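Participant: Dropping the sequence and predicted coords here.
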Amino acid sequence: MRENRTTACLGSLVRPPGTSCDEYPMASTWQGAKHGGGDFSRRMINETQNEEGGKALGRFYLYNRIIEKDKFLVWIK
């Protein structure tokens, strides 16, 4: 996960105050920036919203018993 996040959100990126780097696919997946073949996107977004999104993703993993290498789909409405 750290390698995915480091690849997507380089330390040299400009981070305006109150923002943090958000990456897709998520760093917690095997499709993340480092291990997913380099096809990813990143954007600086509101830091609080990014943190809340990360917490929601963690709850999704927990409540659905998602473990390493389990497959799941991301469905955006």
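Facilitator: Done, it's in. Residues are numbered from 1 along each chain as shown.
Participant: For the longest helix seen in the chain, buried residues please.
Facilitator: Scanning the chain for the helix with the most residues, using DSSP state H, yields helix 47-63. Neighbour-count burial for helix 47-63 flags 47, 50, 57 (criterion: 16 or more other Cβ atoms under 10 Å). Using the backbone N, CA and C atoms, a C-beta is placed for each residue, glycine as well.
Participant: Would you map the helices across the chain?
Facilitator: 2-8, 47-63.
Participant: Pull up the per-residue confidence for the most centrally placed residue in the chain.
Facilitator: Most central residue of the chain, judged by C-alpha distance to the mean C-alpha position with Cα atoms, centre = their mean, is residue 26 at 2.8 Å. pLDDT, residue 26: 92.
Participant: wait, it sits on residue 35?
Facilitator: No: the pair residue 26 / residue 35 is not scored as a contact, 11.8 Å apart, by Cβ atoms under 8 Å.
Participant: doesn't residue 30 make contact with residue 1?
Facilitator: No: if you go by Cβ under 8 Å, residue 1 and residue 30 don't touch, sitting 10.0 Å apart.
Participant: Which one, of the helices of the chain, ends up nearest to residue 18?
Facilitator: Closest approach to residue 18 among the helices of the chain (Cβ to Cβ): helix 47-63, 5.6 Å.
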